[in-house]
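J.: Build me a structure from this.
(chains A and B)
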Amino acid sequence: MRSAIVDRALDAASLVNEVARQSNGATVLFVGTVRDVNEGRPVQGMEYKAYRAMAERELADIVREAAIQFGTDDIVVEHRVGTLALGEASVVIAVAHPHRGRAYDASRYVIEQLKQRVPIWKLEHYADGTREWVGAAGQSVSEQPS
Amino acid sequence: MTVTVLLFASYADALGASSLTVELAAGATAGDVVQHVRALPGADRLPPAPLVAVNQRYAPATQPLTDNDEVALIPPVAGG
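T.: Model prediction:
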């Protein structure tokens, strides 16, 4: 198992290769990508920032928990930070297991926990030039275009 | 004691800083750091009880601190 926060483009195929093993009958690949609209507002790009030391630690914890809970060490996760264009991958999770049920469950566990616990934030760049931290709604914190 | 306070995303924007050095009395807790930060200009945009991490682990407000601890105020996370 392995997890990392990285500053470069993600290569899903290499993560699939990394979890490949002849004893595994199922590989589940999850790819999260930057979407062109959020809550009705057109999005042009996204900036991901992390509290890196803690994000790496929390992500490693999640992968360890999934390995124990679902019975496979063949789990690899990479989350990208920096400025991403529409359609680019922000997170890739590859899980392999002898059987598909547990592979799906482990993959789901990792992404749901990641979204709840890993200290990563995204600044959405909207088509109208404004920028806003996702999830900060109600705190009225927004940035004007630079 | 002296602790380093880290601020991120919307909290860093609100306070106009991404890190602060804070002097606290012996026996201070993570909650005391939150109170200190909430008294600073711009902090009215922070929630009353933000998530806190001490030395890169989520921690309750009651957690006692020691000299040179790294205390982070964690805005709502949005990874993935």
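J.: Distance of residue A:93 relative to residue A:114?
T.: 8 Å (C-beta to C-beta, to the nearest Å). Placement of C-beta: from N, CA and C, glycine included.
J.: Residue B:15 now?
T.: Residue B:15 sits 27 Å away from residue A:114, going by C-beta to C-beta.
J.: The two: which is more packed in?
T.: Applying other C-beta atoms under 10 Å in any protein chain shown to residue B:15 and residue A:114 shows that residue A:114 carries more neighbours, namely 24 against 20.
J.: just to confirm, which helix or strand has that one in it?
T.: Using DSSP states H and E, residue A:114 sits in helix A:100-117.
J.: can you check residue A:18 too?
T.: Here residue A:18 sits within helix A:12-19, counting by DSSP H and E.
J.: contacting residues for the residue of chain B found nearest chain A?
T.: Residue nearest to chain A within chain B: residue B:79 (3.3 Å; C-beta to the nearest C-beta). Shown in contact with residue B:79 (C-beta atoms under 8 Å, 6 or more residues apart in numbering or on different chains): A:48, A:50, A:55, A:79, A:90-91, A:114-115, A:118-122.
J.: What about chain B: which of those touch it?
T.: Near chain B, judged by C-beta under 8 Å from any C-beta of the partner chain, the entries from the contacts of residue B:79 are A:48, A:50, A:55, A:79, A:90-91, A:114-115, A:118-122.
J.: you'd agree residue A:62 is up against residue A:110?
T.: Yes. Counting by C-beta atoms under 8 Å, residue A:62 does reach residue A:110; the two are 5.8 Å apart.
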